[in-house]
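[1] sequence and predicted structure, then a few things I'm wondering about:
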Amino acid sequence: MSSLRCGAALNRGLTEAMAADERVYLLGEDVLDPYGGAFKISTGISDRWPDRVISTPISEASLVGIAAGMAIQGYRPVLEIMFGDFITLGFDQIVNGISKFREMYNDQVRLPLVVRTPMGGRRGYGPTHSQSLEKFLIGVPNITVVATSEIHDLGAMMRAAVEDDEPVFLVENKVMYGRPNRRPESGRLDGFSVRESDGPYPALTLSASGFSAGTATIATYGGTVPLAIDAATELIMEHEVFCEIVVLGSLLPLDLDPVLESVERTGALIVAEEGTMTAGIGAEIAARVQEAAWDDLRAPVRRVAAADGIIPSAPGLEDAMLPSVPELVDAALRCEAARV
Amino acid sequence: MSSLRCGAALNRGLTEAMAADERVYLLGEDVLDPYGGAFKISTGISDRWPDRVISTPISEASLVGIAAGMAIQGYRPVLEIMFGDFITLGFDQIVNGISKFREMYNDQVRLPLVVRTPMGGRRGYGPTHSQSLEKFLIGVPNITVVATSEIHDLGAMMRAAVEDDEPVFLVENKVMYGRPNRRPESGRLDGFSVRESDGPYPALTLSASGFSAGTATIATYGGTVPLAIDAATELIMEHEVFCEIVVLGSLLPLDLDPVLESVERTGALIVAEEGTMTAGIGAEIAARVQEAAWDDLRAPVRRVAAADGIIPSAPGLEDAMLPSVPELVDAALRCEAARV
Amino acid sequence: MSAPLAATEWFRRMLFIRRFEETLLEMFSKGLLVGTTHTCIGQEADAVGVIDHLEPGRDVVVSNHRCHGHYIAFTDDPSGLMAEVMGRVGGTCAGRGGSQHLCRDGFYTNGVQGSIVPLASGMALAERERGGGGAVTVFIGDGTLGQGAVYECMNMAALWSLPLLIVVENNQYAQTTPVEIAVAGSIPDRARAFGITAVELDGRDAPAIHAAAGELLSTVRTGAPAVLVIDTYRLRAHSKGDDVRDPAEVAARERTDALAVVSQQLEPAERERIMAEVESALADCVATAEASPIAVGSAA
Amino acid sequence: MSAPLAATEWFRRMLFIRRFEETLLEMFSKGLLVGTTHTCIGQEADAVGVIDHLEPGRDVVVSNHRCHGHYIAFTDDPSGLMAEVMGRVGGTCAGRGGSQHLCRDGFYTNGVQGSIVPLASGMALAERERGGGGAVTVFIGDGTLGQGAVYECMNMAALWSLPLLIVVENNQYAQTTPVEIAVAGSIPDRARAFGITAVELDGRDAPAIHAAAGELLSTVRTGAPAVLVIDTYRLRAHSKGDDVRDPAEVAARERTDALAVVSQQLEPAERERIMAEVESALADCVATAEASPIAVGSAA
Ligand SMILES: Cc1ncc(C[n+]2csc(CCOP(=O)(O)OP(=O)(O)O)c2C)c(N)n1
Ligand SMILES: Cc1ncc(C[n+]2csc(CCOP(=O)(O)OP(=O)(O)O)c2C)c(N)n1
Ligand SMILES: [Mg+2]
Ligand SMILES: [Mg+2]
């Protein structure tokens, strides 16, 4: 399992979900074999279940609504949106449809559907193919937003999303696809002790000091996880500063218990995300944690995120505006300064 | 001016903007006279400038893009979206178009356009016609989001938006339209002292104690302003608790100086908004203020907002989930408790 | 395909819808209701004629803001609708949805123009997979032809052989906007360009609606999507509000609408008898709705 | 309406675009470029034939991800494009946009399928109001016909008499998806249903493209929007990546594409001479681009 790449792990989970329940259908652009979707997450599925895979026109807005219609009528569609940037096209169907039906119809319907989509930059794809737009999803009531990461059990997460009776938006990361899906072994990973919360979309808490007091908690998810691990490692090696990392699985509902428990130990919180900062995931987490952990915090919650603006195409420009390891290290050192 | 209703004040401002610059065009559904738009804000304009008013099909997604195209080519379109709930249809054009062009094209273009739209509930219109979706707009880089309120100079605000060289999303409130556009006189309004910040979309700070120390600052905007004023009044009358109210004009960029100055005096902040709480305006304000005013705050920033869910149609259900005066009073009393 | 309806049956069904909605408007004008409502007064034949071929349990109906007639024709639950509009616990959606957000037994509405067409298409895809011969019928207005989702779905419905009937109720206006300034070219040709069968007819001819819908639905059920354009007219304001149309134009249509046509075909005594029956059924419906408690929530 | 182009001119212009893009692909395969690119190899005649009728300063061109040919044909700034793809300060957008987000002198591209059509329509509305006889030409692919915005805009273009030419480059595939499983019915009929003139032709016939575009544009300039469907073929992969098409199918098209056809019409000596000129111009273009500094930002 440890040598499987994240993309292949997601593909395996999806394949298992297709095998387990014949109400599961796969829809999306270019999802047919041999291509299997732009990032190959759907590979091998149409060959095996040709009748349950539908290659679609480029009609994202309607596809989101079509998934909703299928789900209400008892099927379990999995919709692949080729790039997360295009989720905006389906935003009306999400906000005024999927978010509404169950509650507005007084619980007469369920929407067991999955919309899965890659987010993130660092591949030079430029302003319209590199964004992390999950921040817009967490403002939508009545949906579940799940962030996959390279240290989650991706196969299990995918299966859980497909088996979920509520609508799940599964956020993946383009760079993650090609990286190994590493998992804690005997509670350890990369020299960190790891605790994993319960439930289908668990949070993982990493500590280099065996969950004793530390300098700060870094709450993060998805494509920013390797940066947080690198930063925490550098902080130990070069500054003897010990941070915990909480890798969130569910962004909505946002179960912050693991973060609050960690902050109890560290007294400080940094939220790191790849999306642009304003009104990002970090804003919601900061707002909640400063309220819930007011007495534990000895410094304000800090946010590390992309600069508010476009994601330029040229790598040198892109690098400069996306969050980085040095920014994380710097934020942690400021927490350390507040500590002493 | 004081007896003019807010809707009429906006209409007057729009009329003046049309008169001042022939590059200003008005587009929208049902905007022609004698109807003049579903909420009458466009009344009288097509009669006067028939060639500069375009009544459109129900094509919100494209209309946003059409406004962008006109603006890039030197016109100044004002697009009326009949209900703010439908801004979701234009979300791709906003996020992947309007937000991108100027920066992505290396400053070769400008987008002087206005999208104006009514938000808000309390009229029994039900789940798809009552939302306050401006929270999704403030996560979009490179746009300006302006919140009108009944105590702003609405005519001036409308003119400023139309004269702005950047894309402005003008958020209005349905209930506000029918209320008088009250303005401070000699620095006073409703028994409060009022300070107004500079710039086209000013913030107004209201204090009942002449800007001396108080219990809490209530930062709010738009349709929640009368609730904040009622709550502050009740807090004085019944609890001898003095709050300041900061009525924001610009939600993006979010100039928080007036809030920070007020928090310096009060030591506590409540953010009140009509949208659903998670990932709302309050999250961003809380995240910023807890960081910028860490030393001034003696209690966590609290949020008062709609419950995360649909806005039901039945008045009794709608009332229960929208923010209320008692909730605001309660939040302020909790700040008072933290004070003593 | 159901047998043609007798004139008495047309009259009874259309009149009930008409009186139901007139009652709503009266209640609004008396301040007994809040929110908004869109009546299909003048367009009742569309609902009755098309939906007579559909069966709850087998078929699905998806509708828009102007949905009361469709709801009553499909579900036979007018008191649930009445209670819903009145904001009562016993309403179709317990007061959560209100006039334009309904759900019952395979009947769904939503209030954003066009957004229901993808929903209906997804439901049609489900019906296709289930293979039970069910059809999905979605009602849209002429103005809603402005929404791109309609064409995205026509394309997919044709490609995927969806059992989908799109009924375009062309009542000549979208809110205040006449169809001429909002809809270019030809409505049926828009469907045909996607390889979809399209029929256009005059909605004042109720039996023609019934016959065309029956015929189209029998091929729809086999996976050939179709579009039925009904040229009709709304006799009242768009919602409760003002009406900017020429009163003479409205009056002329009032004399020739499908209900007026059918009414003239009846013997006076029969007409009186049915009218009395409808009034009594309507009174029951209102009474049932009023007996249900007002929906209230607990503070957030 | 410009005069027909001589074969030498066709050859020179198309070959330059061809060689420009082949150079890009080589640079990618050598790891000299990052990101992505979509070449119009095989479709160059569309750009050259349509854009010969357009003038920067008067007209506007809006394009999509597959935009290099259009850019080169319209702006005569290939080194700006080369520098942009290379992420250089001297690029069209200083490296911010990259291959598919270009802007120069009335030329605009964006990377979300379909979203450019509203943009182009708004620009056409501006041209209409300005009244200077300018036209807006927007290029989309067959796959982009899946986007509802295209139809929303066809409707408005017809209603509002926009000087808008929509060129559909039907290269038979959207990424890996053959047009047959993504586009139902008839493409030109889709436009005609909105009352828009539509012409479809075989893109291997370069002079036919030129003639049809010229004729359509002369009426477009008077406010009659038009659609030109060019049946063409992309000879390389969708982007840099893998190609799932049958190699035999691609090879057959390689022998008959517009550039091959024109090339055969030339005397060998003339052909050689133009090829040499193109190589030298291309070398200049690359050298100019490479002389520009790499774009870097300051840390956020
Ligand atoms: C996306 C969207 N835009 C605008 C509206 C507001 N609105 C409600 S009904 C209507 C007119 C619809 O016209 P049509 O489709 O012809 O239906 P009709 O009302 O005539 O039955 C409009 C503009 C809406 N509900 N949804
Ligand atoms: C809204 C949207 N969905 C998906 C994509 C990814 N994508 C880029 S090009 C492409 C295929 C476009 O096909 P077509 O319109 O035929 O143009 P072609 O590539 O053949 O020139 C797709 C799916 C996109 N850019 N935008
Ligand atoms: Mg209509
Ligand atoms: Mg193509």
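    Good, I have the coordinates. In this text, all values refer to a predicted model and were calculated from it rather than measured experimentally. Ligands and ions are numbered 1, 2, ... in the order given.
[2] quick check: which element contains the closest residue to ligand 1 within the stretch 1-150 of chain A?
    Proximity of the stretch 1-150 of chain A to ligand 1 (C-beta to the nearest ligand atom) peaks at residue A:92, 7.7 Å away. From N, CA and C alone the C-beta is placed, and that goes for glycine too. Here residue A:92, judged by DSSP states H and E, is contained in helix A:91-93.
[3] contacts for the very next helix or strand once past that helix?
    Using DSSP H and E, the helix or strand that directly follows helix A:91-93 along the chain is helix A:101-104. Contacts with helix A:101-104, where a contact means C-beta atoms under 8 Å, 6 or more residues apart in numbering or on different chains, come from A:68, A:72, A:109-111, A:141-142, A:166, B:126-127, B:309-310, B:312, C:93, C:96-97, C:101, C:103.
[4] show me how far the very next helix or strand once past helix A:101-104 is from its chain's centre.
    Sequence-wise, the next helix or strand downstream of helix A:101-104 (DSSP H and E) is strand A:114-119. Relative to the centre of its chain, strand A:114-119 is centred 9 Å away, using C-alpha atoms, centre = their mean, to the nearest Å.
[5] what's in contact with the helix or strand just after strand A:114-119?
    The helix or strand immediately downstream of strand A:114-119 is helix A:134-137, counting by DSSP H and E. Residues from elsewhere that reach helix A:134-137, judged by C-beta under 8 Å, 6+ apart: A:84, A:87-88, A:91, A:94, A:119, A:143, A:145, A:147, A:169, A:171, A:222, A:251-252, A:273, A:275-276, A:279-281, B:91, B:95, B:136, B:139, B:279.
[6] ok, now which ones touch residue 244?
    The chain I'm using is chain A. By C-beta under 8 Å, 6+ apart, the residues touching residue A:244 are A:205-207, A:211, A:214, A:216-218, A:262, A:265-266.
[7] not quite, I wanted chain C
    Applying C-beta under 8 Å, 6+ apart, we find residue C:244 in contact with B:34-35, C:176.
[8] for residue A:297, see how far away it is.
    To residue A:297, residue C:244 is 59 Å away according to C-beta to C-beta, to the nearest Å.
[9] give the closest residue to the closest residue to chain D within the stretch 201-300 of chain C in space, chain neighbours not counted.
    In the stretch 201-300 of chain C, the residue that lies nearest chain D is residue C:225 (9.6 Å; C-beta to the nearest C-beta). Residue nearest to residue C:225 in three dimensions, not counting chain neighbours: residue C:157, with 3.9 Å by C-beta to C-beta, 6 or more residues apart in numbering or on different chains.
[10] how close does that neighbour get to ligand 3?
    Distance, residue C:157 to ligand 3, using C-beta to the ion, to the nearest Å: 22 Å.
[11] in the sheet, who's paired with the residue in the stretch 1-150 of chain C positioned nearest to ligand 1?
    Closest approach between the stretch 1-150 of chain C and ligand 1, counting by C-beta to the nearest ligand atom: residue C:141, at 2.2 Å. Note on residue C:141: beta-bridge partners by DSSP bridges are residue C:169.
[12] let me see the contact set for it.
    Each residue near residue C:141 by C-beta under 8 Å, 6+ apart is listed here: C:64, C:66, C:113, C:168-171, C:174.
[13] could I get the residues you listed in TSV, plus columns for neighbour count and distance to residue B:103?
    Shown next, in TSV, are those (neighbours: other C-beta atoms under 10 Å in any protein chain shown; distance: C-beta to C-beta, whole Å):
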residue	neighbour count	distance to residue B:103
C:64	24	39
C:66	27	43
C:113	26	33
C:168	27	42
C:169	27	45
C:170	23	44
C:171	24	45
C:174	24	37
